[in-house]
Each structure stands twice: as structure tokens, then as C-alpha cells.
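1. I need the structure of the sequence given here:
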Amino acid sequence: MQQIHWPAILKFDQDDELMYLANHQDWLSFICANQYTVCFQDQLIDSSGDIYLIAKPLAENTATEKSVAQLPHLVKQPQSINVLQMLPLVRQYGQFQGHCCSAKIVFTTIEQGIATVAELEQLY
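-> Predicted structure coming up:
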């Protein structure tokens, strides 16, 4: 797996929901429990602004390889996200969570935006 800068968030396709992932273990727990239900347009955004898409493993033909489960993996995208692109995502998530003043949410770094998602999860 590529070098993910933790913490990170998952941005679910066609949804305002975001999920905070503190570390690699949180990612593994999530993907193990949701490997068949994730949308492959969902994105992981790490604390450096890198974006990763979730990719299904290729089907293997040998019996030995079929007996071992293969989890979806992350594929780094050439584009990254900046603070101005992330701000509306976090504000929409705040509104989704019921935060009354989501328009007042501000941050100046991707790391602060991810920390804001973690705080919103704790509040609501």
C-alpha cells in the first residue's frame, strides 16, 4: 500500500457523510466490515491532501489464491485536494450532522479540516 498520511477521512460518493480514520488500523477495520458495500467512487483523503480511490482486487483463478480473502485496496489519484475544495465538504458534513452553524466552520490546512471532521463526529 502507498504511504497514506494519517489521519484521513473517507468521502462517500453521492453523500454528505464523511468518516474519520485515525490510522491504518481504522482503515482495515472499516474495509473488512464493508468490503462488499463500498462504492468504488468513494474517496480516502489523507492529511496531506492526497486522494485515493478504492479498487476491487482482481479475480484470481487458482484455488489456493481463492481461499485467501483479498481486500479492496487504495489507488492514489494524480490530483489532490486543497483547503478551498475541502471546506465545502466539511461544512456539508457539519450540516448533515446537525451542526447549527456549519457555515462558520473554517480551517486553513487539510489537517485542521480532518480534525474538524473528528470533532463533529464526537459532538453528534
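
2. residue 30: how many residues sit nearby?
-> Using other Cβ atoms under 10 Å, residue 30 has 15 other residues around it. C-beta coordinates here come from the backbone N, C-alpha and C atoms, glycine included.

3. then residue 86?
-> When neighbours are counted by other Cβ under 10 Å, residue 86 registers 23.

4. which residues does it contact?
-> For residue 86, the set of contacting residues under the criterion of Cβ atoms under 8 Å, 6 or more residues apart in numbering consists of 45, 49, 110, 113.

5. quick check, pLDDT for residue 61.
-> Predicted confidence (pLDDT) for residue 61: 52.

6. assign residue 32 to helix, strand or coil.
-> Applying DSSP: H, G, I helix; E, B strand; the rest coil to residue 32 yields a three-state assignment of helix.

7. next one: the helix or strand that contains residue 54 to chain centre, how far?
-> Taking DSSP states H and E as the definition, one finds residue 54 inside strand 50-55. The offset between the C-alpha centroid of strand 50-55 and the centroid of the whole chain comes to 8 Å, using Cα atoms, centre = their mean, to the nearest Å.

8. quick one: name whatever helix or strand follows the worst-scoring helix or strand of the chain on mean pLDDT.
-> Using mean pLDDT, DSSP states H and E, helix 63-66 stands out as the lowest-scoring helix or strand of the chain, at a mean of 53. Note on helix 63-66: by DSSP H and E, the next helix or strand toward the C-terminus is strand 73-80.

9. can you pull the buried residues of that next one?
-> Of the residues in strand 73-80, those buried by neighbour count under the rule 16 or more other Cβ atoms under 10 Å are 74, 76.

10. next structured bit after it?
-> Sequence order places helix 83-96 as the next helix or strand after strand 73-80, per DSSP H and E.

11. which SSE is immediately downstream of that following helix?
-> Next in sequence after helix 83-96, counting helices and strands by DSSP H and E, comes helix 110-123.

12. can you give me the buried ones in that following helix?
-> Neighbour counts using 16+ other Cβ under 10 Å place 110, 111, 113, 114, 115, 116, 117, 120 of helix 110-123 among the buried residues.
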